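K.L.:
give me a 3D structure for the following:
(one chain, ligands or ions: 1)
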Amino acid sequence: MIEVSQLVFEYPGHRALDGVSVSIGAGSVTALVGPNGAGKSTLMRCIAGLDQPLSGHIRVKDLSVEERPREVHRHLGYLSDFFGLYDRLSVIRCLQYSALSMGVEPSSVPARVQQVAAQLGLTELLHRYPTELSRGQRQRVAIGQAIVHQPSVLLLDEPASGLDPDARSSLSQLFRQLQAQGMTLVVSSHILSELDEYCTHILSIRNGRIESHEALQSAGGVGQSLQSHQAAANAQPQLYALEVAMPQTEGFEARLRQALLNTTVQDFDITGSRPILLWLPAAAPARAEWLSQLVQTGIPVASLSPVRERLQDRYARTAQARDFDNKEPA
Ligand SMILES: Nc1ncnc2c1ncn2[C@@H]1O[C@H](COP(=O)(O)OP(=O)(O)OP(=O)(O)O)[C@@H](O)[C@H]1O
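P.N.:
Down below sits the predicted model:
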């Protein structure tokens with residue numbers, strides 16, 4: 001859906017994107033992460049055709065952003081990190097204006113505006129002016145403007161900044177709805193826990209270069225079907241939650257640690273209040289073998305289920321691997 005190849009972007013005296021190539025699939029929700037100044041906003045602005053790269057190419061829905069920016073804009077919604085609203089237009093006018101400027105048929109505009117207002121909880125606010133709205137309400141109007149023309153791609157730069165927990169949670173719900181409608185989303189945020197709920201991919205950028213681009217494991221889909229058996233056999237280990245009935249007997253913790261010695265454990269809480277998180281083979285027979293050996297050692301296993309790795313843990317793991325790779329040999 002979005003193809004970026006060898007993108008280079010320079011501000012005067014500063015190279016902000018340095019040979020970025022990435023392919024973002026249709027229907028995915030990509031968390032764009034990276035430290036301050038990594039180049040996230042610049043990449044989004046280039047994809048939206050708002051900044052002109054020095055070299056490289058971007059295609060959205062197979063249209064060249066460079067050659068056909070207006071057509072691309074019809075398929076694309078963009079929310080800037082510092083968005084502005086027209087303070088002299090009421091909310092309904094803001095939405096109508098965006099719809100018309102994005103090429104929505106004039107006869108369809110009233111219905112579209114009402115739909116978007118309902119989707120974003122703006123129906124009661126349609127006749128207010130942006131200056132009379134809270135930060136969260138203004139944010140919803142800005143998102144409404146970005147989606148009123150039903151784009152296939154939505155780019156959101158820090159959409160939840162300044163929002164309270166309730167507003168963040170309804171934003172997450174909205175993003176899930178949009179994904180269910182088939183929209184492709186790219187969302188940048190520094191709050192990884194908030195992206196965790198709905199992202200399918202994580203794209204990490206640092207110093208203007210892509211650091212990693214990975215699909216996130218879905219908790220329910222860990223190679224259970226027969227068709228996926230071969231794929232699972234070749235796949236990377238998957239994250240599982242192991243629940244153990246923790247008897248308060250002396251030496252149990254040592255026994256449990258011993259039993260897990262050859263397993264990659266991500267999180268071990270001996271109080272038993274959280275399940276143990278560990279990496280197990282994706283292939284069912286190998287996992288069954290592991291489980292049977294564990295049970296044979298007398299560990300009272302209560303349950304074993306696939307879980308999705310938290311985005312912040314995944315990000316930390318990538319950073320650790322990078323630091324390790326960059327270490328000078330002694
Ligand atoms: N107008 C500008 N002129 C010069 N340099 C700029 C300009 N805008 C951004 N930069 C630089 O380009 C680099 C990338 O900036 P960008 O805003 O894309 O980063 P970001 O990953 O979005 O950061 P943040 O998380 O802080 O929003 C940074 O080093 C920044 O200082």
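K.L.:
how far away is the residue of the chain positioned farthest from its centre from P165?
P.N.:
Largest separation from the mean C-alpha position in the chain: E250, at 44.0 Å (Cα atoms, centre = their mean). Separation of E250 from P165 (Cβ to Cβ, to the nearest Å): 43 Å. (Glycine included, C-beta is placed from N, CA and C.)
K.L.:
now the residue farthest from the centre of the chain, what's its secondary structure?
P.N.:
Taken by DSSP: H, G, I helix; E, B strand; the rest coil, the conformation at E250 corresponds to coil.
K.L.:
skipping adjacent residues, who's closest to P151 in space?
P.N.:
By the measure of Cβ to Cβ, 6 or more residues apart in numbering, the closest residue to P151 outside its immediate chain neighbours is G77, 4.1 Å from it.
K.L.:
do any residues in the helix or strand hosting that neighbour lie close to the ligand?
P.N.:
Secondary structure assigned from DSSP states H and E places G77 in strand 76-79. No: against the ligand, strand 76-79 shows no contacts by Cβ under 6 Å from any ligand atom, the least distance being 13.4 Å.
K.L.:
what packs against the next helix or strand after that strand?
P.N.:
Downstream of strand 76-79, the next assigned helix or strand under DSSP H and E is helix 91-101. The elements that helix 91-101 packs onto, with contact taken as 3 or more Cβ pairs under 8 Å, 6 or more residues apart in numbering; DSSP states H and E, are helix 109-119, helix 135-147.
K.L.:
which residues does helix 91-101 contact?
P.N.:
Residues outside helix 91-101 that contact it (Cβ atoms under 8 Å, 6 or more residues apart in numbering): 85-86, 89, 106, 109-110, 112-113, 116-117, 122, 125-130, 133, 141, 144-146, 148-149.
K.L.:
tell me where the model's unsure across the chain.
P.N.:
Scanning the chain for pLDDT under 70 picks out 194, 217-235, 247-248, 319-330.
K.L.:
and the strands in it?
P.N.:
2-11, 14-24, 29-33, 55-60, 63-64, 76-79, 153-157, 184-188, 201-206, 209-215, 238-244, 264-267, 276-280, 301-306 (DSSP state E).
K.L.:
tabulate the ones you listed (a markdown table), appending mean neighbour count and distance to R314.
P.N.:
Putting those into a markdown table (neighbours: other Cβ atoms under 10 Å; distance: least, Cβ to Cβ, whole Å) gives the following:
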| stretch | mean neighbour count | distance to R314 |
| --- | --- | --- |
| strand 2-11 | 17 | 21 |
| strand 14-24 | 17 | 17 |
| strand 29-33 | 25 | 10 |
| strand 55-60 | 18 | 26 |
| strand 63-64 | 16 | 32 |
| strand 76-79 | 23 | 25 |
| strand 153-157 | 23 | 20 |
| strand 184-188 | 24 | 15 |
| strand 201-206 | 21 | 6 |
| strand 209-215 | 15 | 7 |
| strand 238-244 | 20 | 10 |
| strand 264-267 | 13 | 11 |
| strand 276-280 | 19 | 12 |
| strand 301-306 | 14 | 15 |
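K.L.:
can I get the ones you listed in JSON lines including distance to A288?
P.N.:
What follows is the strands of the chain, written out as JSON lines (distance: least, Cβ to Cβ, whole Å):
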{"stretch": "strand 2-11", "distance to A288": "40"}
{"stretch": "strand 14-24", "distance to A288": "36"}
{"stretch": "strand 29-33", "distance to A288": "33"}
{"stretch": "strand 55-60", "distance to A288": "45"}
{"stretch": "strand 63-64", "distance to A288": "49"}
{"stretch": "strand 76-79", "distance to A288": "46"}
{"stretch": "strand 153-157", "distance to A288": "42"}
{"stretch": "strand 184-188", "distance to A288": "37"}
{"stretch": "strand 201-206", "distance to A288": "30"}
{"stretch": "strand 209-215", "distance to A288": "25"}
{"stretch": "strand 238-244", "distance to A288": "12"}
{"stretch": "strand 264-267", "distance to A288": "18"}
{"stretch": "strand 276-280", "distance to A288": "10"}
{"stretch": "strand 301-306", "distance to A288": "10"}
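K.L.:
of the ones you listed, which is nearest E289?
P.N.:
Among the strands of the chain, strand 276-280 comes nearest to E289, with 10.3 Å by Cβ to Cβ.
K.L.:
list the helices and strands that closest one packs on?
P.N.:
Counting by 3+ Cβ pairs under 8 Å, 6+ apart, strand 276-280 packs on strand 238-244, strand 264-267, helix 284-296.
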